[in-house]
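# can't give you the sequence, but here's the structure:
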């Protein structure tokens, strides 16, 4: 089937499935399941992601999930930290484990600092390093130095994070609390064994339900797994296909509907590294190359995206000074009419009140972040 009004249809469908057209009454756990996890390299972005998707989102429900262990921050897709429900941490890590193991074999891994080490011996010491419960990064490095005194301890520690299924534990990731990474084995923290028979094809189907329609290249960029074409083939009649104007095949779950391309799209603010921005090889359905070049290739990192009329049209930064000073947001927009600024400012104030409820808000539109 060919897509009509291709770009708009793909855009509105992605936003609808990502709950960025209308906030939904979901729990933090329900949203994490629906989105197949939220990027959580830093602590704040999952909160912003949920604020923009969940009706009357209370950040303490996310923090509470981390405390109760119904939610965890684990290394999964693309070797990055994602906020997922406990069950997904247990069943998804095994899918990515073979690719994590390959990372150690690459010549560029810490410039060959582990060259010549037996990987089984390395893993044995890594597993022992986490036997006594959660460990700070400094403690992991100390164990690495003790086990391999002639090697770079940081390289050894990083290898262990790939070899040993681990997650980051609170206070890291808690609402309005600082915390350096503390690592624990997934099975120890959740007091359950890893699930090793979860189908990668089922994971692909979940991705398509939240991000589709998508190409095999899109799926591969999101998951960073080999053999995506074979996984798609395994799904068989569970999928349907669309053809783009360029002849590319896009896959989707068979029972999913495409959104009306004429749906209105409200202003939304995302956290840096939000998967709606990173979840495809071809990002044209959400952002133009011109906007990417002007902001994310020229500016420094950790600039968060702003959605206007469904597309990322700029970026923003939030800064806070002393306690009684206003919370400030600087916003840079690209090719956006001045008439759109009031709606952007209104949503910006709403976000600042969420992030800093005890401060006044100051919004500034700038030419450079």
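Yep, that arrived. Since we're looking at a predicted model, the values are computed, not measured.

# Next, residue 13: phi, psi?
When read as degrees, to the nearest 10, the backbone of residue 13 gives phi -70, psi -40.

# Neighbours of it, how many?
Neighbours of residue 13 under the rule other C-beta atoms under 10 Å: 24. The C-beta positions use only the backbone N, C-alpha and C, and glycine is treated the same way.

# isn't it right next to residue 253, touching?
No: here residue 13 does not reach residue 253: they are 11.8 Å apart, not a contact under C-beta atoms under 8 Å.

# what sits in contact with each of these two?
residue 212 (C-beta atoms under 8 Å, 6 or more residues apart in numbering).

# Could you pull out the helices in the stretch 1-150 of the chain for me?
Remark: helices of the stretch 1-150 of the chain, listed N- to C-terminal, are 6-17, 28-34, 45-51, 59-68, 86-103, 119-129, 137-147; assignment by DSSP state H, counting those that start in this stretch.

# Which residues does the strand ranked longest in the chain contact?
For the chain, the longest strand by residue count, based on DSSP state E, is strand 311-319. Under the criterion C-beta under 8 Å, 6+ apart, residues 11, 269-270, 277, 286-288, 291, 295-296, 299, 302-308, 327-336, 348, 352, 355, 369 lie in contact with strand 311-319.

# run the last query once more with 7 Å
Around strand 311-319, the neighbours that count as contacts under C-beta atoms under 7 Å, 6 or more residues apart in numbering are 11, 269, 277, 286-287, 291, 295, 299, 303-306, 327-334, 336, 352, 355, 369.

# Only the buried members of the residues you listed: can you turn that into a ChimeraX selection?
Here is the ChimeraX command that selects only those of the contacts of strand 311-319 that count as buried (16 or more other C-beta atoms under 10 Å):
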select :11,269,277,286,287,291,295,303,304,305,306,327,328,329,330,331,332,333,334,336,352,355,369
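
# Go through the lowest-mean-pLDDT helix or strand in the chain and flag the buried ones.
When the helices and strands of the chain are scored by mean pLDDT, DSSP states H and E, helix 289-295 comes last with a mean of 89. Applying a neighbour-count criterion of 16+ other C-beta under 10 Å, one finds 291-292, 294-295 buried in helix 289-295.

# and which of those residues is nearest residue 214?
Taking C-beta to C-beta as the measure, residue 214 lies nearest residue 292 of the buried residues of helix 289-295, at 18.7 Å.

# ok, back up a step: want to try a markdown table for the helices of the stretch 1-150 of the chain, with distance to residue 79 and mean pLDDT as columns?
Below are the helices of the stretch 1-150 of the chain laid out as a markdown table (distance: least, C-beta to C-beta, whole Å; pLDDT from 0 to 100):
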| stretch | distance to residue 79 | mean pLDDT |
| --- | --- | --- |
| helix 6-17 | 24 | 97 |
| helix 28-34 | 19 | 98 |
| helix 45-51 | 17 | 97 |
| helix 59-68 | 21 | 98 |
| helix 86-103 | 6 | 96 |
| helix 119-129 | 16 | 95 |
| helix 137-147 | 17 | 96 |
